[in-house]
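Asks: all I have is the shape, not the residue letters:
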């Protein structure tokens, strides 16, 4: 096996890679969507976003392969970043450069590779968006175009981070390892979180989140103000503890459908109100993961409180949202105060 080549301006390339401040960061959905699409469009079992470090190849996103990195010496991408365009190896077993590569003769037994380099505006290749297969093959013209497009998209995301890092360093005149830089990053994160919390807290729409077990982990101020009920009477509890059993089952089934599909879904949900009435509403439910990779479900309203009518059937094209919980032994229906006119 031939050793991986060294980039022509390795020092500048590694400096640009450091400026992106992305190495060894947790997985992110925006990058995972790229690998998922690459695998789908190229019909391959493996897709990666790779960054070629000094002695290793690190995966910002990895689909179909275990681990987050491998030695640079066995990396196909270390060769791909030296190419001006898409680098394709139709059959690794027939290629003298790769035939004895450990990931060809051993797991994951790569027989096909195609990688589009991630190139900065100043011409430095940091890594690739690549796909691999365990069978020899080629790519169609449309698949080649898609890989190039995805590599440009990923590079645009990385370039934004590179600019942010440069701006912070320019402001403080220090590197990212310094205490002032870390304090600035922590302060920016606190400011961002504070803005988001204020936005959600003061939103006229009711919003909440549940964990994968169905426990409420977030309710906004509109919800608590609407019923003058403290959040701690809702947080940590499930619909089974807050709702009549049939309604709780319906909501849990809807939540589980969203979690299993991995896609946002609109629902019309029906809840029996006091007196035997049925109130209905439309709601978006959507899945997401926290930084630890744990599954959650978010709910977002789509109509006014008047959209939750005292009728057994919901006929408005507008959608809405509602929730029940206990307060002093009674049950209440919550609808979001978004519009004043009836639908």
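Replies: That came in fine, so what should we check first? For clarity, every value in this text was computed on a predicted model and none was experimentally measured.
Asks: neighbours around residue 292, how many?
Replies: By other CB atoms under 10 Å, the residues close to residue 292 number 6. For glycine as for every other residue, the C-beta is placed from the backbone atoms N, C-alpha and C.
Asks: and what of residue 200?
Replies: The tally of other residues near residue 200 (other CB under 10 Å) stands at 17.
Asks: residue numbering should commence at 536 henceforth.
Replies: Yes, from this point I'll number from 536; that puts the last item at residue 735.
Asks: need the pLDDT of it.
Replies: According to the model's per-residue confidence, residue 735 sits at a pLDDT of 75.
Asks: so it is in which element?
Replies: Secondary-structure assignment from DSSP states H and E places residue 735 in helix 714-737.
Asks: partner strands of the helix or strand following that helix, with direction?
Replies: Tracing the chain C-terminally past helix 714-737 and defining elements by DSSP H and E, one meets strand 743-746 next. Strand 743-746 has its sheet partners listed here by DSSP bridges as strand 751-754 (antiparallel), strand 830-836 (antiparallel).
Asks: can you give the contact residues for strand 743-746?
Replies: The set of residues external to strand 743-746 that reach it, using CB atoms under 8 Å, 6 or more residues apart in numbering, is 751-755, 758, 769, 773, 790, 829-834, 858.
Asks: and what of stretch 557-571?
Replies: Contact with stretch 557-571 is made by 552, 582-584, 586, 588, 593, 595-598, 664, 685, 688-689, 692-693, 696, 823-824, 826, 828, as judged by CB under 8 Å, 6+ apart.
Asks: and that stretch, end to end?
Replies: The straight-line separation of the ends of stretch 557-571 (CA to CA, to the nearest Å) is 19 Å.
Asks: buried set for it?
Replies: By neighbour count, and taking 16 or more other CB atoms under 10 Å as the criterion, the buried residues in stretch 557-571 are 557, 566-567, 569-570.
Asks: give me the low-pLDDT residue ranges for this protein?
Replies: By pLDDT under 70, the weakly predicted segments of the chain are 536-542, 703-717, 719-720, 741, 758-764, 806-814, 837-878.
Asks: for it, longest helix please?
Replies: Under DSSP state H, the helix in the chain containing the largest number of residues is helix 676-707.
Asks: give the buried residues for that helix.
Replies: Of the residues in helix 676-707, those with enough neighbours to count as buried (16+ other CB under 10 Å) are 678-679, 681-682, 685-686, 688-690, 692-694, 697, 700, 703-704.
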